[in-house]
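Chemist: coordinates only, sequence not included:
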Ligand code: NAD
């Protein structure tokens with residue numbers, strides 16, 4: 001038969017050559033002129049054992065040649081193979097554009113009945129697409145056949161010549177007869193040719209690969225278990241494999257086969273030890289990891305939960321986090337923008353939960369694959385398992401002492417009247433004896449002062465047997481007396497809200513002052529409210545009418561410390577944020593805080609003269625806007641988030657806009673009482689309820705918002721994710737729900753499954769395990785060395801498996817990036833993949849001419865790809881030449897006992913650290 005093979009990569013070249021070997025006349029076509037020139041000159045562009053001789057022989061015997069022109073080759077062939085690349089798009093689903101382009105070129109030029117065989121790995125339904133494309137342009141009859149390729153690089157010739165089976169999807173008898181004849185030389189009883197419909201054949205390829213991936217990931221998890229339980233995965237693997245129902249192949253654990261994350265400034269609401277806080281992912285990671293954890297790390301965490309949402313549930317809920325990850329992302333980031341103004345920056349492959357307007361059913365899509373019109377959920381309603389503390393909260397002002405830079409000697413305590421009497425009763429002698437151990441320079445004088453003035457320093461309180469009940473405190477420099485504890489009731493949260501809207505904290509020297517600045521004429525009531533609150537606490541508050549503001553101020557280091565350092569409210573409008581304490585407080589207190597904020601900086605207006613009403617709030621602090629959006633979300637309100645610059649400003653203003661009659665009505669307590677009636681009247685004039693614009697699902701459950709834009713931009717910074725078993729999601733900035741991350745590969749099948757409304761849960765786990773697995777070697781090294789900074793690491797093996805130079809999705813990439821990212825110097829060796837690797841790593845990795853040169857002087861040696869030449873190295877030589885004798889065996893090929901006996905420290909996968 002005369003055969004054309006379009007696409008002369010691994011698959012095309014092997015297919016063409018093997019078919020020529022059985023006597024057919026084959027021309028391999030490729031658009032890459034250099035490749036064709038190399039082949040014509042007798043060279044071979046890829047590394048594949050045995051291929052070169054086979055190519056040479058068939059070329060010499062006139063059965064195989066090469067061309068750059070489909071047009072010239074196709075007119076008189078019986079069979080045209082398509083073997084062009086189908087690189088994974090960002091969604092993991094194969095990019096069909098090369099296949100369809102090749103199909104069209106074939107279609108244009110066939111001169112007689114031709115069987116077009118698709119060997120590329122393509123999504124289900126592609127054969128029909130190819131037939132359609134060819135049908136549009138072909139002038140001769142044709143059939144399209146699906147014939148997925150299962151060859152393994154490194155053993156490709158053998159796989160092609162002695163396949164386990166040949167899968168052919170065909171819908172015509174004529175084509176079936178041609179294919180049966182073509183493959184007859186390769187078919188044996190045990191190695192059948194399986195004819196089926198094209199869709200089944202296309203799916204078989206993905207199903208088989210995913211099953212293998214599942215076995216590997218399963219085994220990798222067993223390996224993890226072995227390490228923790230002191231077992232050896234090698235024994236466990238053999239014990240399992242000997243069961244015929246299970247079998248041995250693909251039960252080898254290793255450094256992973258084949259990640260996605262959010263930018264560090266995105267936020268999550270986390271709960272730990274009963275306290276909830278809203279925190280940026282980067283700060284959360286740092287707080288969990290401490291300063292010494294390297295740039296790329298996955299932390300197993302326990303005892304902390306994140307606000308998450310189970311697709312389909314009404315409310316969000318707190319769920320335990322299993323791991324927090326950080327890695328450096330160098331490439332492109334995607335900003336996902338939605339209606340209602342939510343924006344989240346993530347890697348292009350970060351998955352999102354998508355639904356429809358009504359909120360169901362839910363599927364998944366990767367960020368880069370989102371389209372305007374996809375619906376994303378914004379969490380709404382309080383967490384199902386929120387623990388609200390309804391007992392009144394007493395704030396201890398003395399707790400502000402440390403953060404405010406005060407020591408006990410600087411804090412003056414004014415005891416309650418009862419305790420003043422107690423002091424008097426003690427008398428100078430008693431006081432002197434009590435405080436003697438503190439060693440005051442003028443003991444007697446000091447005792448006199450105490451008895452006379454009835455004031456003590458904080459460190460003297462307990463030696464004197466006093467309590468702090470009913471006491472007041474001031475500081476040496478700031479005379480203002482404040483209570484030592486403050487009841488955080490609704491009035492307090494209102495004042496905090498007003499501070500976040502209109503306040504700041506100033507310092508001059510060692511004095512600190514909290515100030516609220518109101519409109520000089522229109523906000524007298526608010527100034528009165530703040531001043532009254534402080535006076536009711538017995539705290540001196542100054543009210544000053546200035547030309548542009550009406551200012552209330554309190555000069556107290558302790559109160560300033562409470563506001564700025566303990567509650568972390570921020571010292572000025574740029575740093576303002578919602579205090580974390582509020583997340584665990586009852587709704588009335590949250591509303592009080594929100595109403596303080598809104599009264600200070602919010603407004604309401606009629607849309608286009610009415611009757612629709614919107615509530616608006618503006619701030620220059622993104623953190624404050626995020627916190628308020630989440631507080632509102634907690635109350636079931638979804639506000640729009642608008643970011644923009646006012647004309648004279650140099651920073652962004654964040655506007656929160658609440659619209660929709662029912663939403664506005666529920667927030668009436670945020671507007672001044674005198675305006676409420678007007679708003680009610682206006683809303684009543686609305687004939688029918690105005691649904692809030694921009695989002696669906698007005699009832700309960702999450703608010704579904706449409707994607708408006710996907711903005712791509714260059715990005716080089718750490719990215720973060722959390723693993724939340726159970727829901728696999730978390731609620732991030734502005735309340736938007738995102739899926740947690742999962743890596744590439746196997747994704748194609750997942751994406752297809754999602755496309756038809758099936759959530760392939762098992763594969764999601766497979767992906768996660770795999771991604772984790774790729775990081776284990778580096779994590780082991782970090783655990784061993786503490787830090788990799790300044791160490792030299794030898795790496796053996798770069799290709800994704802032995803006997804090939806293919807590095808696409810090779811674990812070595814993750815391993816080496818992890819090593820470099822942690823400050824190690826990498827010296828690598830691979831028998832054939834060095835050139836390909838050099839293009840990936842550039843000058844960041846040193847390539848050694850032989851394995852021992854890579855290991856010489858190294859602090860550790862990593863085995864990543866199990867080439868045969870690495871299996872039995874000269875360990876004595878390694879021991880002598882390495883700087884530190886530490887081995888990380890990513891493929892479990894070395895005999896742990898033997899190398900340990902030689903004095904190496906050995907780390908394998910799934911092998912207990914000690915023998
Ligand atoms: P490859 O990238 O090595 O080769 C593809 C070749 O096609 C390239 O040389 C490219 O220049 C050429 N090409 C692209 N468009 C062309 C056109 N219109 N006309 C002529 N040539 C064109 O890819 P590969 O690894 O051989 O894989 C090919 C397909 O087989 C993919 O779908 C892949 O998923 C599948 N597959 C690969 C393997 C494997 O181990 N490599 C195994 C099974 C299946």
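Modeler: Noted; the coordinates are in hand. Owing to the predicted nature of the structure, the values given are computational and were not obtained by experimental measurement.

Chemist: By proximity to the ligand, which residue of the stretch 401-550 of the chain wins?
Modeler: Proximity of the stretch 401-550 of the chain to the ligand (C-beta to the nearest ligand atom) peaks at residue 500, 55.4 Å away. Placement of C-beta: from N, CA and C, glycine included.

Chemist: Checking that residue next. Helix, strand or coil?
Modeler: Counting by DSSP: H, G, I helix; E, B strand; the rest coil, the backbone at residue 500 sits in helix.

Chemist: for the closest residue to it other than its chain neighbours, what are its contacts?
Modeler: With C-beta to C-beta, 6 or more residues apart in numbering as the measure, residue 576 is the residue that lies nearest to residue 500, at 4.8 Å, once sequence neighbours are left out. Applying C-beta atoms under 8 Å, 6 or more residues apart in numbering to residue 576 gives the contacts 500, 569, 570, 619, 621, 623, 624.

Chemist: And those residues, which is closest to residue 317?
Modeler: residue 623 (23.7 Å; C-beta to C-beta).

Chemist: So what's the residue count around that closest one?
Modeler: 22 (other C-beta atoms under 10 Å).

Chemist: distance of it from residue 655?
Modeler: 15 Å (C-beta to C-beta, to the nearest Å).

Chemist: quick one on the thing from earlier: are we agreed that the residue nearest to residue 500 is in a helix?
Modeler: No: going by three-state DSSP, the assignment for residue 576 is coil, not a helix.

Chemist: just to revisit the earlier point, narrow the contacts of residue 576 to those in strands?
Modeler: residue 619 (DSSP state E).

Chemist: Contact partners for residue 907?
Modeler: Residue 907 touches 780, 781, 784, 886, 887, 888, 889, 913, counting by C-beta under 8 Å, 6+ apart.

Chemist: quick one: which helix or strand includes the third one?
Modeler: Assignment of secondary structure by DSSP states H and E places residue 784 within helix 761-785.

Chemist: pLDDT averaged over that helix, what's the number?
Modeler: What helix 761-785 shows for mean pLDDT is 80.

Chemist: List the buried residues in it.
Modeler: For helix 761-785, a neighbour-count test (16 or more other C-beta atoms under 10 Å) marks 763-782, 784-785 as buried.

Chemist: again, but for stretch 205-219
Modeler: In stretch 205-219, counting by 16+ other C-beta under 10 Å, buried: 205, 206, 209, 210, 213, 214, 215, 216, 217, 218, 219.

Chemist: Tell me the residue in the chain that is farthest from the middle.
Modeler: residue 429 (66.0 Å; C-alpha atoms, centre = their mean).

Chemist: out of everything not next to it in sequence, what's closest to that residue?
Modeler: Counting by C-beta to C-beta, 6+ apart, the residue nearest residue 429 is residue 447, at 7.6 Å.

Chemist: Need phi/psi at that neighbour.
Modeler: The phi and psi torsions at residue 447 (degrees, to the nearest 10) take the values phi -60, psi -40.

Chemist: got a pLDDT number for it?
Modeler: Reading off the model, residue 447 has pLDDT 87.
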